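Asks: this one's sequence-less:
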């Protein structure tokens with residue numbers, strides 16, 4: 001598949017993830033009486049990846065996440081020459097999604113952009129549960145590490161065919177069930193960047209952690225799976 005078509009797929013796929021996942025948190029999580037809550041938001045994020053994996057997995061691989069792209073490179077599944085273009089379009093897709101979500105949210109009576117609007121990620125005063133920077137760093141590294149293990153295992157040629165999107169979508173749901181109270185769950189630098197750029201302030205100041213920790217976890221996960229499972233073509 002030509003790189004241009006893969007990049008378009010990645011841009012839309014990342015848009016879908018941020019718009020669907022963050023949109024569920026902004027528009028539906030706290031809705032009076034019928035809000036979906038943390039569990040609903042976790043499921044929404046999982047569904048965005050599951051649906052896009054079936055829709056564009058055969059086109060671009062459905063990374064939707066700079067940490068996944070770098071993790072797959074570390075695991076020997078993705079060429080280095082395509083890493084930067086993938087990351088660029090993933091971030092663009094996330095920014096577009098955050099902007100459209102802000103436009104929709106601002107149509108509600110009394111809406112005002114606050115420091116935790118648009119489901120931004122954060123630690124300390126930005127954390128839903130007030131968790132520290134160290135706690136946020138640890139959970140983001142560990143969960144992104146685990147996410148890459150699931151992705152690489154589920155897409156291994158030796159794994160049962162056709163079930164990878166389900167495993168990966170459920171893994172992201174589980175990750176959000178664990179981490180929403182801690183950091184609002186990133187494991188994805190692109191997902192963190194879109195909302196933070198619009199909200200600004202402390203959300204933007206803390207964005208570095210949500211690039212560093214997921215990338216460290218993703219790269220370590222890619223290396224670890226490759227070391228344990230070996231080359232499926234061997």
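Replies: Arrived safely, thanks for sending. All values reported here derive from a predicted model rather than from experimental measurement. Numbers count the residues shown, from 1 in each chain.
Asks: which stretches of this protein have low pLDDT?
Replies: 32-33, 231-234 (pLDDT under 70).
Asks: how about a cut-off of 50?
Replies: By pLDDT under 50, the low-scoring segments of the chain are 233-234.
Asks: Now the residue nearest the centre of it. Nearest residue, chain neighbours left out?
Replies: The centroid of the chain falls nearest to residue 188 when counting by Cα atoms, centre = their mean (3.7 Å). Among residues not flanking residue 188 along the chain, residue 65 sits closest, at 4.3 Å (Cβ to Cβ, 6 or more residues apart in numbering). Every residue, glycine included, has its C-beta placed from N, CA and C.
Asks: How about residue 86?
Replies: residue 69 (4.7 Å).
Asks: Can you name the helix or strand that that neighbour falls in?
Replies: In this assignment (DSSP states H and E), residue 69 forms part of helix 66-74.
Asks: mind listing what's buried in whichever helix or strand comes after that helix?
Replies: Per DSSP H and E, the first helix or strand lying C-terminal to helix 66-74 is helix 83-105. Residues of helix 83-105 classed as buried: 83, 86-87, 89-98, 101-102, 105 (neighbour count, 16 or more other Cβ atoms under 10 Å).
Asks: repeat for stretch 43-63
Replies: Buried residues in stretch 43-63, defined by neighbour count with 16+ other Cβ under 10 Å: 43-53, 56-57, 59-63.
Asks: Name the residues that touch stretch 5-15?
Replies: For stretch 5-15, the external contacting residues (Cβ atoms under 8 Å, 6 or more residues apart in numbering) are 52, 55-56, 59-65, 82, 85-86, 89-94, 96-97, 190-191.
Asks: Determine the number of other residues adjacent to residue 160.
Replies: For residue 160, the count of nearby residues is 9 (other Cβ atoms under 10 Å).
Asks: which SSE is it in?
Replies: Residue 160 belongs to no helix or strand when assigned by DSSP H and E.
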